Each structure stands twice: as structure tokens, then as C-alpha cells.
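# quick one, what's the 3D model for this:
(2 chains)
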Protein chains: 2
Amino acid sequence: MAKMAMVVMWIAFLSCCGAAALGRQLRFNPKSGELKILQVADMHYGDGKTTPCEDVLPRQIRGCSDLNTTAFIRRLILAEKPDFIVFTGDNIFGFDSTDAVKSMNAAFAPAISSHIPWAAVLGNHDQESTLSREGVMKHIVTLPNTLSHLNPAGAVVDGFGNYNLEVHGVEGSRLENKSLLNLYFLDSGDYSTVPSIPGYGWIKPSQQLWFQHTSSRLRRAYAAKPVPQKGPAPGIAYFHIPLPEYASFDATNFTGVKQEGISSATVNSGFFTTMVAAGDVKAAFTGHDHLNDFCGELSGIHLCYAGGFGYHAYGKAGWSRRARVVVASLERAEKGSWGTVKSIKTWKRLDDKRLTTIDSQVLWSKTSNRKH
Amino acid sequence: MAKMAMVVMWIAFLSCCGAAALGRQLRFNPKSGELKILQVADMHYGDGKTTPCEDVLPRQIRGCSDLNTTAFIRRLILAEKPDFIVFTGDNIFGFDSTDAVKSMNAAFAPAISSHIPWAAVLGNHDQESTLSREGVMKHIVTLPNTLSHLNPAGAVVDGFGNYNLEVHGVEGSRLENKSLLNLYFLDSGDYSTVPSIPGYGWIKPSQQLWFQHTSSRLRRAYAAKPVPQKGPAPGIAYFHIPLPEYASFDATNFTGVKQEGISSATVNSGFFTTMVAAGDVKAAFTGHDHLNDFCGELSGIHLCYAGGFGYHAYGKAGWSRRARVVVASLERAEKGSWGTVKSIKTWKRLDDKRLTTIDSQVLWSKTSNRKH
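As a prediction, this is how the structure comes out:
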């Protein structure tokens, strides 16, 4: 995207919404009682029109570029009308980006122009262009409509882009000041910096302790007066690199496909254990492995991939690029008002003619959940 | 041990050594340039003479009790003359202890009366008598000659008995104020309190972050003037429950025996990764599985068992109770003085007639170590 266009967009944004949009509180929809999240994994954005597609069919190659990635997001936004969009890293493919700022502006442009709040975390390729990981995350948090944060205030944590967002009850309802769904975002790193450990990065003790403290704090707030709730509110976590526990499944116990190995860190840093122990997270959503798009459940937590999204990313010709949708639904309370979260569902959308929906499944349901 | 005896011992201790002994600094021996550590795992002490032995040969049963455990420690102390003794949990077997204080006093008595400094961590059975885990650890830190701590000052960590000890250079040498070997002690917990996770406890993010910060601080101190040293000083870690990574070995790549499964937590909490990332720990020493006594190396860290020690603990009749010895040796510097740690060796001692030494091996050597 040209610099001028971005400036125009900024002005339009500032004049339309001001600080209110930047600080806006995520809430459940008053009509549907739902919150719908669109997850976009691995856009791998480069320089736009001049950056070609990878792994598409021969008949799709001509004219195929990053703009196909942009078009796919735009179509999805129109079709799904999500309340929130999450980009789970490798938002840009730094090696093929001449200018990280321009690539990011272009990659996030469909989200920005939709005026839908969005958030992003870092992958392992975002820092390979003109900005460091810190620089990339610092730029992201300045973009219009994003609810991303650089890092939690008052906590020293490893990485950049560790934060949480609360989803409050319907405005005007009894639960309007209560977080009914908690979203956690973590930086799963890029590569190991430890000589004796090869491979990808991992979620460090400092990040896990921050997560644990945050989860505890949210649990106390959920149980607090004036409308105390039992147990923790359900939570979901977004980060880039799958955990070693993603390798626990096969076709008999997951929904979706596994067409490549699980490219987690070569060591287990314990974040799965920390999530299970915290007790609120019902599902984790990652990207990184473009040819895996499954959800499998272990110890009460669904471990899900979104599947590859970007056209300048490795994929499989003939196997549609895809995205994951998550919907949390409130239960009906007395007098037509809304209660707390009743269920969390997911499905995927393919970048075909009809944006085909596949693999719909319930990830968590308040009534049937016997584990917590 | 009778209460009176303990009182006498306390008075003897206080009159002989006072605060100096309590606060004494571990140092390498000026003559040998060594520090020798005796590890005693799983004493499982009960009520003393009335608490019978388990899993001994028919000819050994008569008159066999906790006192055999005591006798074994006494013989080992005389034979090895260790500079430091570490008790790695299940020091008492709480279910068969009428009074936790009495059982502990009796269990640690040989160490106390030897005037050798000692330290202890908790296992999963120490809290099953009349004291909680906190109560047990609070009692341990009051005992004569112990260098145990309840927890680090200024850090909020899970569990009780997380601390580190420095082993300084020879008194009067250039390195007398430098820690040349770092000892870490952690509480690996007892049992999971998370409903969806069965089994044993694990080392939590708060403990790992404390370990990480401590390791970093020690590395900086080691590199600091006036006698700056390269890299980190080697470290070793003591705790009770083996890590899941202990299951990485078979007879082809360990020294010792594996006669039962690895009873680690059913989840991986990442402490192995945290140790590898810290880069200073060369070996971890646990107990818990009485029939395993091996050392295996993974990513530059030796994962070692001590083997079962106590007679009121499950074992294998005819397979001797045993203990592990670790010796760190300094290299000779100019003019006959001592330098930094050159090697870390280990062996085991069996409770047979000759206290047979088995499985001697070098765990780490400064010159041959290419991993760090």
C-alpha cells in the first residue's frame, strides 16, 4: 500500500472515531449474544502486487500475488462479519518485504478499513525485513483499530506482544462490566538462541507467570460482586508456534487435517501445563504449519491450527487457503437478557468460490463440560 | 530420637559453633581443591526402631528398621568424608511417622552430629505426618548445620525449599569471594492439585523464573571484576521428582539401571528447557524412583537418580540401598593455587559390607565440554 493511502486512512480514522475506537471495549453483540472472531494465520505478506503466490495450481499462477491474500480477507470480512480479527503471526514474510512498515500497513489494511477491532501477535518471520521484533510490534500498536499491546504494563516479560483482552457482557446488561470471555495473546518467539537447543522459539517462564497471574486476576474479578460468577470465565489463547502437545493427535482424535509435522520448539517449555493448571483456557489457536488445520482436545484444552492463509506462503496447490472462525455464544438469561458464555464453536472457511465452511465443531459447552 | 537428645545436641551445637556454623560459606577444600557432596535420596524415615524395613531379603528382615537407614548414613559419612550432604526429599515417610518433628530429627541426626553442612528439599511424602509442607521446611531450616532455606528472600515462589547455595573458591585465594559452583534446590511438589492433571507435582513458572533470574545473577557475578571469569560457573540442581525428560534414555545411553518407569509428573512443566536455556546447570539429581539409579545426558545436562536409600521405602530385596556422591574439582592454577572448576564426577556407594563404589563417571569437564 502506498504511503499516501495510509496517511489518508489515518486521518479518516482519527476524524471518525478518535480515542474511543482505540480504547474500545470488546463486548458481546446485544442482538445475537455472540462474539465472532476471525483468525488469519500466516499472511506472509511481502511487497504486494509484485510478490508472487507460492504453491498454487498452474492455472492460478498468472497475476497471483499478495493481493490475493488481501482479497481473501476482504471477502471473509464481508461474508462472516466478525466482531474481532486476530492475526497470529508471520503477518509479513520479512525476507521478501522491502519495507516492514509498508508490508504491515498493506497486510492489515483490510482489517483497518473494515473498522473492526483487531489484534496481532508475532510469528517467526515478521522481524526479517527492516524492523526488529520490538520494532514490528511497536508499529502494530500504532495502527488504527488495533487492540494489540506491546506488552503488559507493570510486568517484565520476554518477547513482544504479550497481552490479554477482556470481552465484556452486553452493554446495559448486568454483566456489562464483567469479562465473560478472556483472550490471551502471546509471543511464541522466533528461533532458539540457546546453542544446544536447535529450532524454533518458545513461551518463556516470564510469559507463563504473567499469564498465570492474569488468569488468576480475571478469575477473582469474575467471582467478585456485584454479579459474582462461579468458576473462571472461559478463555482462549492465540500465538504463532504450536506447542509440542499438538503432536498428541492423529486422524482418530482430531477434526481437520495434518499434512505435515508439528513444527513446535524442539523442547517443551511447559505452557500447555501452565494453561491446564490455570483452568480457564478452553482452546489455543496457532498458525505456523500451513498444511495443518486441525483441532484436537487434550486435558480439556483444544489445540487448534487455523491453516495457511497467505498466498506468498508455502501451501499445497489445489488445497484452498483457509481461515478459522470462533464464535462464543451467551446463554439466554431471564427477561430476554444475556447470561454468561454458553458455548464456543469453531469452523473454517476456504478461499474457494463459495467460501465453503468446513469442520464445524463445538469446542466447549458450559453444560456438557465435566472437566472443570 | 528422643527429645532430650535433640536438646543436648542443640546446646552442644550452639556452644561449639554459634552463628558462624549456621551462616557458613561452602568452599572448596584448600588441600584437595575439591568439594564432595553426598546425596541421600528417599530415607522414608518413620518412627525409628519400630518402623520395619521393606523389600529386604528374608535373612535381613529380623531387627531391620529405620535404624539401618541411620547406620548407612553414618558409615557413608565416615567412608566418604563429604563436604556437604543433600537430602533430596521423602526424608520422612509421613504416613508412618507419629510425629514429623521427631522423625525429621532422627532422620537428619547423622548429618547433624557429623557437623558437616547439609541441605534438604521436600519429596511427596514429607507432609503426610503432623506437619504441612511449609511446616516441615520451616522445621528443617532450624536444625543445626543446615544450609537449607525456606524460600528465596524477595521472590514469591510456589512451594517450600527453593534456594541456591554458592560454593566459593579456597579461602585466602584470589577466588575466595567468587562462587565457582552453584547449587540449586527446588521443591518439585507432591501431587497435582489440578483436577484434569493426575499424578505428581511439578516445578512451577514462578520457581523457574526465580531459577532463571538467580542463574543470570550468578553468571554476572562470575564475570565481574576483580577476577572476571568466562561463561557461567557450572551448576547442579537437586530436587525430588524426576523430570519427564528422564524418560529419554535406555540402557544404550545411560550409566546405571532403570528397573521401573519414570514417575515424573504426567505433564511437562518446562523446567528442563529452562535449565538448558540458562546454560549453567550440568546435572540434575533426583530421587523418587527407588529402583532407578542411572545418569543420562540430554542437551548437555546429565539427568541423574541417586537410587533408593531408606530401608522403610520400597526397594528390591537383594539390590543394595545406595547413595550418590558428586565431586567437583578445581584446576591447578599458577604457583600452586587453585583455579575454577575443572570437572564434575559422580559415583554411587552401595550399602554392602565394603560400601562398594559403582558407576564412576565424569559428568562434566571444562576442557572436553564443547556444548557450552
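
# what sits up against stretch A:354-368?
Residues lying outside stretch A:354-368 but in contact with it, judged by CB atoms under 8 Å, 6 or more residues apart in numbering or on different chains, are A:75-76, A:79, A:234, A:255-256, A:282-283, A:293, A:295, A:302, A:304, A:320, A:326, A:331, A:340-350. All C-beta atoms are positioned from the backbone trio N, CA, C, and that covers glycine.

# any of those residues buried? List them.
Neighbour counting over those (16 or more other CB atoms under 10 Å in any protein chain shown) leaves A:76, A:234, A:255-256, A:282-283, A:293, A:295, A:302, A:304, A:320, A:326, A:340-350 as the buried ones.

# measure the residue in chain A that chain B sits nearest to to residue B:196 for me?
Taking CB to the nearest CB as the measure, the point where chain A comes nearest chain B is residue A:270, at 2.6 Å. According to CB to CB, to the nearest Å, residue A:270 stands 16 Å off from residue B:196.

# repeat that for residue A:244.
Here residue A:244 is placed at a distance of 18 Å from residue B:196 (CB to CB).

# the more surrounded of the two?
Set side by side, residue A:244 and residue B:196 show more neighbours around residue A:244, with 20 against 15, by other CB atoms under 10 Å in any protein chain shown.

# and the more buried one, what's its pLDDT?
What the model reports as pLDDT for residue A:244 is 97.

# ok, residue A:40 next?
With respect to pLDDT, residue A:40 has a value of 98.

# list the residues that contact it.
Contacts for residue A:40 were tallied using CB under 8 Å, 6+ apart; they are A:73, A:76, A:85, A:86, A:87, A:88, A:306, A:309, A:323.

# export the residues you listed to CSV and tack on distance to chain B?
Converted to CSV, those look like this (distance: CB to the nearest CB, whole Å):
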residue, distance to chain B
A:73, 35
A:76, 34
A:85, 30
A:86, 24
A:87, 26
A:88, 21
A:306, 25
A:309, 29
A:323, 30
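
# from residue A:310, how far out is the nearest residue to residue A:72 once chain neighbours are set aside?
With CB to CB, 6 or more residues apart in numbering or on different chains as the measure, residue A:351 is the residue that lies nearest to residue A:72, at 4.7 Å, once sequence neighbours are left out. Spatial separation of residue A:351 from residue A:310 under the definition CB to CB is 10 Å.

# which residues are in contact with each of these two?
Taking CB under 8 Å, 6+ apart as the contact rule, residue A:351 and residue A:310 both touch residue A:321.

# more neighbours, the two?
residue A:310 (31 against 19).

# show me what contacts that one?
Residues near residue A:310 by CB under 8 Å, 6+ apart: A:42, A:43, A:44, A:45, A:66, A:69, A:90, A:93, A:321.

# same thing with residue A:204?
When the contact criterion is CB under 8 Å, 6+ apart, the partners of residue A:204 are A:157, A:158, A:159, A:189, A:269.

# the host helix or strand of residue A:275: how far from the chain's middle?
Counting by DSSP states H and E, the secondary-structure element that holds residue A:275 is helix A:271-278. Averaged C-alpha coordinates place helix A:271-278 at 19 Å from its chain's average position (CA atoms, centre = their mean, to the nearest Å).

# strand partners (parallel or antiparallel) of the helix or strand that that helix is followed by?
For helix A:271-278, the succeeding helix or strand toward the C-terminus, using DSSP H and E, is strand A:281-286. Sheet neighbours of strand A:281-286, with direction, are listed as strand A:235-238 (parallel), strand A:301-305 (parallel) (DSSP bridges).

# what are the pairing partners of the very next helix or strand once past strand A:281-286, and which direction each?
Moving toward the C-terminus from strand A:281-286, the first helix or strand encountered (DSSP H and E) is strand A:295-298. Listed by DSSP bridges, the sheet partners of strand A:295-298 and their directions read strand A:254-255 (antiparallel), strand A:301-305 (antiparallel).

# among the ones you listed, which is nearest residue A:148?
Evaluated over these, closeness to residue A:148 peaks at strand A:301-305, with 20.6 Å, by CB to CB.

# and the contacts of that closest one?
Outside strand A:301-305, the residues within contact range by CB under 8 Å, 6+ apart are A:41, A:242-243, A:245-246, A:248-249, A:256, A:272, A:275-276, A:281-289, A:292-297, A:324, A:346, A:363-364.

# what about chain A, any weak spots by pLDDT?
A:1-23, A:368-372 (pLDDT under 70).

# report the longest strand in it, please.
The residue-count maximum for a strand in chain A (DSSP state E) belongs to strand A:338-350.

# just after that strand, pick out the following helix or strand.
Moving toward the C-terminus from strand A:338-350, the first helix or strand encountered (DSSP H and E) is strand A:357-365.

# in that following strand, what's buried?
A:359, A:361, A:363, A:364.

# kindly report the same for stretch A:116-130.
The neighbour-count check on stretch A:116-130 (16+ other CB under 10 Å) flags A:116-129 as buried.

# please save the CA atoms from it in CSV.
In CSV, the C-alpha atoms belonging to stretch A:116-130 read as follows (Å, rounded to 0.1, in the frame of the first residue of the first chain):
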residue,chain,number,x,y,z
ILE,A,116,-13.5,-4.0,13.0
PRO,A,117,-11.2,-4.1,16.0
TRP,A,118,-8.2,-6.4,15.5
ALA,A,119,-5.2,-7.7,17.2
ALA,A,120,-1.9,-9.3,16.2
VAL,A,121,0.9,-11.4,17.6
LEU,A,122,4.3,-12.1,16.0
GLY,A,123,5.4,-15.1,14.1
ASN,A,124,9.0,-16.2,13.3
HIS,A,125,9.2,-14.2,10.0
ASP,A,126,7.9,-10.8,11.0
GLN,A,127,11.3,-9.4,12.0
GLU,A,128,13.2,-10.4,8.8
SER,A,129,12.7,-7.1,7.0
THR,A,130,13.6,-3.6,8.1
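
# how far is the helix or strand hosting residue A:325 from where the chain is centred?
Remark: residue A:325 resides in strand A:322-332, with elements defined by DSSP H and E. Using CA atoms, centre = their mean, we find the averaged C-alpha position of strand A:322-332 to lie 13 Å away from the chain's own average C-alpha position.

# go on, stretch A:297-311?
Going by CA atoms, centre = their mean, the spacing between the C-alpha centre of stretch A:297-311 and its chain's C-alpha centre is 10 Å.

# now do the same contact list for residue A:309.
Going by CB under 8 Å, 6+ apart, the list of residues near residue A:309 reads A:40, A:41, A:42, A:43, A:69, A:72, A:287, A:321, A:322, A:323.

# show me the two of the residues you listed that sit farthest apart.
Comparing the members of these, the greatest separation, given CB to CB, is between A:72 and A:287, at 14.6 Å.
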